[in-house]
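K.L.:
sequence and predicted model, in that order:
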Amino acid sequence: MSTTRGKFAPEDRREAARLVTDRGRTVAPVARELGLGEQLLGRWVAQERARLAAPEESAAAEAGNSELERLRRENEQLRMDNEFLRKAAAFFASKQPNRNASS
């Protein structure tokens, strides 16, 4: 692992985290092998898992957004249909002969 003044390169962090995530190993032995603190490696593992989950969450959010847009369009169409039917009912009601005139 290449370091610069105590900092690890992002690719080295990901590689270390993958030893835990991809191979199913626990943090403690991997940290000992690499000469790292368990908490440090644990943070890297959490960051790697979040990074890998981000595209899935992004795709889910995009699917949710497209569903929301579809529902908004459908809602607008239903509102227009409802308004048309309300006006048509009022029109036909005004054309009915007045049954309450004199009996």
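P.N.:
Arrived safely.

K.L.:
could you measure from the residue nearest the centre of the chain over to R49?
P.N.:
By Cα atoms, centre = their mean, the chain has its centre lying nearest to A61, at 2.9 Å. Separation of A61 from R49 (Cβ to Cβ, to the nearest Å): 18 Å. For glycine as for every other residue, the C-beta is placed from the backbone atoms N, C-alpha and C.

K.L.:
repeat for N82
P.N.:
48 Å.

K.L.:
go on, L36?
P.N.:
17 Å.

K.L.:
which one of those two has more residues nearby?
P.N.:
More crowded of L36 and R49, by other Cβ atoms under 10 Å: L36, with 18 against 13.

K.L.:
contacting residues around that one?
P.N.:
The neighbours of L36, taking Cβ atoms under 8 Å, 6 or more residues apart in numbering as the test, are A16.

K.L.:
what secondary structure does it sit in?
P.N.:
Of the three states, L36 takes coil under DSSP: H, G, I helix; E, B strand; the rest coil.

K.L.:
now do the phi/psi pair for the residue nearest to the centre of the chain.
P.N.:
Main-chain torsions, A61, degrees, to the nearest 10: phi -60, psi -40.

K.L.:
centre of the chain to the strand or helix carrying R70, how far?
P.N.:
Per DSSP states H and E, R70 falls inside helix 38-95. Offset of helix 38-95 from its chain centre (Cα atoms, centre = their mean, to the nearest Å): 10 Å.

K.L.:
what's that helix packed up against?
P.N.:
Applying 3 or more Cβ pairs under 8 Å, 6 or more residues apart in numbering; DSSP states H and E, we find helix 38-95 packed against helix 10-21, helix 27-34.

K.L.:
and the ones you listed: which comes nearest N65?
P.N.:
With distances scored as Cβ to Cβ, the stretch of the helices and strands packed on helix 38-95 nearest to N65 is helix 10-21 (28.8 Å).
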